[in-house]
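Asker: With the sequence up front, the predicted model follows.
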Amino acid sequence: MSAELAPKVVPAGPALAMTGINKRFPGVMALENVDLTLERGKVHALMGENGAGKSTLIKILAGAYRKDSGSVRIGGAEADIQAPRDALRLGVKVVFQEIALISEFTVAENIFLEKYPTNRLGAIDWPAIHASAAALFARIGFDVDVTAKVGDLPLSQQQMVEIARALAHQARVVVMDEPTSSLTPGEVELLFTVIRRLTDLGIAVLYVTHKLAEVFEIADTVTVLRDGRRISTRSVSEHTEDSLIQDMIGRRIETLFPRARNNAGGVSILSVEGLSTDKLKDINFEVRAGEVLGFFGLMGAGRTELAKAIVGFEPIRAGYIVVDGRPLSPHDTRTGVALGIGLLTEDRKTEGLMLELPVSKNASLAALGEFASLGFVHESRERGAVQEFVDRFKIKTPSLDQEIQYLSGGNQQKVLLTRWLMRGLKVIVVDEPTRGIDVGAKSEIYAALDRLAGDGLAVVMMTSEMPELLGLSDRIAVMADGRITAMINRDDATQEAILNAAIA
């Protein structure tokens, strides 16, 4: 296999044509008469709010779901995709958010997992496997040790292994589901370079994302779904951010980053002095009532570790945390909750939610003591209090009894926010508050955080999203290698200054 890029050859006709796709789940029409056409050698973005039908559509394409009706044609021929193996055989490779690789296997072993090349004696031909794997990476201009265990690689390199698998299966269509959700800016640029190389090979790329800026940078065409229906398919050059948002949510958002509160200037609510852990080194800062202090850092800088240390979850080796004049001692989550600190965790599904419990129980979990007497919870009072927050945050749920796993990511996040507000807080720590949620839900989360600060809470926000960092923060703390390298006031904050401090 040649290591050189083949010249771009684009045969006539689309790489993929999905026509009139319908899919119903119990009580929900997930997709209704949806069309999607991908051209060879082009990047086609797929956008929509959580629950719009994006995941269902790509799972049908991947063979994880069966369509109820409609047509799928690949390379002009009708395709019957009944299982993931059918999708691979037909040249469709989906790179999901949760990378589907075997961590204990090597890079080369994962690439040729379905069929290992053999020699004349019928034994696995390891030299051929390693040489072929290296050639696949050379085609996309990426260098990786093909004998390394996949579990030892960073997420960005694991994505490249998935892409190399696509080339090994002679993919005509590569689908990428939220591929940059955990990548640094440098890794995002590398991914975009690789995507452009894929299109140079004539491969069609379906790029599923919530991030508007990425669509305008990498995509040629964008299709928007809303409530299971296709709303529009247009060239990206025909869109503005406003028109794309309006297609996604059916209304204009006047301002993505509301600021109803006055500049923060209250008393100090949270004070951190000399905080050190195995990852963090001599962290010092304070947050005042009514202030949003944003934290930024590249992957591995220590933001999540700091968030967990502040609330008493991550053990510390030195330093002090003081909440409204009272020390977080002993340093544990029980004390943190008693002092009025809440954490909106980065990984809401594994660390925050109880997926099989209803909305009401997930929302009231931290405040059950408020509704109990003699060891019994007064359910009517509990449900009434939850309903007030459901109405306040416009949480979309059929009822309080709906299992939370069936809510969209944005609504799940608002339920977690409700959990802590029902308890009564002085400090809220939010780690990647809008990861994996759509622009409409983002605007609602931003408004909620701004309102909480306006009500006098101290808000600590860890984020890798530069727009929300600049849009919401009163001050910005930049981290690198477990240290705070800069503290920048809102009026002085620029993307260049933040990134320079992040690589210090």
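Answerer: Yep, it's here. Numbers count the residues shown, from 1 in each chain.
Asker: next helix or strand past the helix or strand residue 109 falls within?
Answerer: Using DSSP states H and E, residue 109 sits in helix 107-111. The helix or strand immediately downstream of helix 107-111 is helix 126-139, counting by DSSP H and E.
Asker: counting contacts, what elements does the helix or strand just after that following helix pack onto?
Answerer: Tracing the chain past helix 126-139, the next element assigned as helix or strand by DSSP H and E is helix 155-168. Under the contact criterion of 3 or more C-beta pairs under 8 Å, 6 or more residues apart in numbering; DSSP states H and E, helix 155-168 touches strand 92-95, helix 107-111, helix 126-139, helix 185-200. C-betas here are computed from N, CA, C, even on glycine.
Asker: Tabulate those in CSV, adding columns for mean neighbour count and distance to residue 304.
Answerer: As requested, those are exported to CSV (neighbours: other C-beta atoms under 10 Å; distance: least, C-beta to C-beta, whole Å):
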stretch, mean neighbour count, distance to residue 304
strand 92-95, 24, 24
helix 107-111, 25, 27
helix 126-139, 18, 30
helix 185-200, 17, 17
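Asker: closest to residue 387 out of the ones you listed?
Answerer: For the helices and strands packed on helix 155-168, the distance to residue 387 is smallest for strand 92-95, at 38.9 Å, taking C-beta to C-beta.
Asker: Need the CA coordinates for that closest one. CSV is fine.
Answerer: Extracted C-alpha coordinates of strand 92-95, given in CSV (Å, rounded to 0.1, in the frame of the first residue of the first chain):
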residue,chain,number,x,y,z
VAL,A,92,-19.1,3.2,6.3
LYS,A,93,-17.0,3.9,9.4
VAL,A,94,-18.5,5.8,12.4
VAL,A,95,-16.1,7.3,15.0
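Asker: List the neighbours of it that are in contact with it.
Answerer: 16, 58, 61-62, 74, 81, 87, 159, 162-163, 165-166, 169, 171-177, 179 (C-beta atoms under 8 Å, 6 or more residues apart in numbering).
Asker: pLDDT weak spots in the stretch 151-300 of the chain?
Answerer: For the stretch 151-300 of the chain, residues meeting the criterion pLDDT under 70 lie at 252-255, 260-265.
Asker: Could I get the full set of helices for it?
Answerer: 155-168, 185-200, 212-218, 241-249 (DSSP state H, counting those that start in this stretch).
Asker: Report the residue ranges of every domain in the chain.
Answerer: Using automatic domain parsing, the domain ranges for the chain come out as 16-105+171-249, 268-502.
Asker: from the contacts of strand 92-95, which ones fall inside strands?
Answerer: 16, 74, 173-177 (DSSP state E).
Asker: still on that earlier bit, of the helices of the stretch 151-300 of the chain, which is nearest residue 332?
Answerer: helix 155-168 (30.5 Å).
Asker: So, low pLDDT: which residues of this protein?
Answerer: Judged by pLDDT under 70, the stretches of the chain that qualify are 1-12, 252-255, 260-265, 374, 504.
Asker: at 50 instead, please
Answerer: Of all residues in the chain, those with pLDDT under 50 make up the ranges 1-10.
Asker: in it, which residue is closest to the centre?
Answerer: Residue closest to the mean C-alpha point of the chain, counted by C-alpha atoms, centre = their mean, is residue 436 at 3.4 Å.
Asker: So it: helix, strand or coil?
Answerer: Three-state assignment for residue 436 (DSSP: H, G, I helix; E, B strand; the rest coil): coil.
Asker: ok, it to residue 208 distance?
Answerer: 11 Å (C-beta to C-beta, to the nearest Å).
Asker: Also residue 182?
Answerer: 15 Å.
Asker: residues contacting residue 341?
Answerer: Residue 341 sits in contact with 270, 310-312, 323, 328, 425-429, where contact means C-beta under 8 Å, 6+ apart.
Asker: same check, this time on residue 90
Answerer: Contacts of residue 90 (C-beta under 8 Å, 6+ apart): 74, 79, 81, 172.
Asker: rerun that using 6 Å as the cut-off
Answerer: Residues in contact with residue 90, defined by C-beta atoms under 6 Å, 6 or more residues apart in numbering, are 74, 79.
Asker: give me phi/psi at it?
Answerer: phi -90, psi 0 (degrees, to the nearest 10).
Asker: these two touch, right, residue 274 and residue 317?
Answerer: No - judged on C-beta atoms under 6 Å, residue 274 makes no contact with residue 317 at a distance of 10.2 Å.
Asker: Now residue 166. Nearest residue, chain neighbours left out?
Answerer: Spatial nearest neighbour of residue 166, excluding adjacent residues (C-beta to C-beta, 6 or more residues apart in numbering): residue 93 at 3.6 Å.
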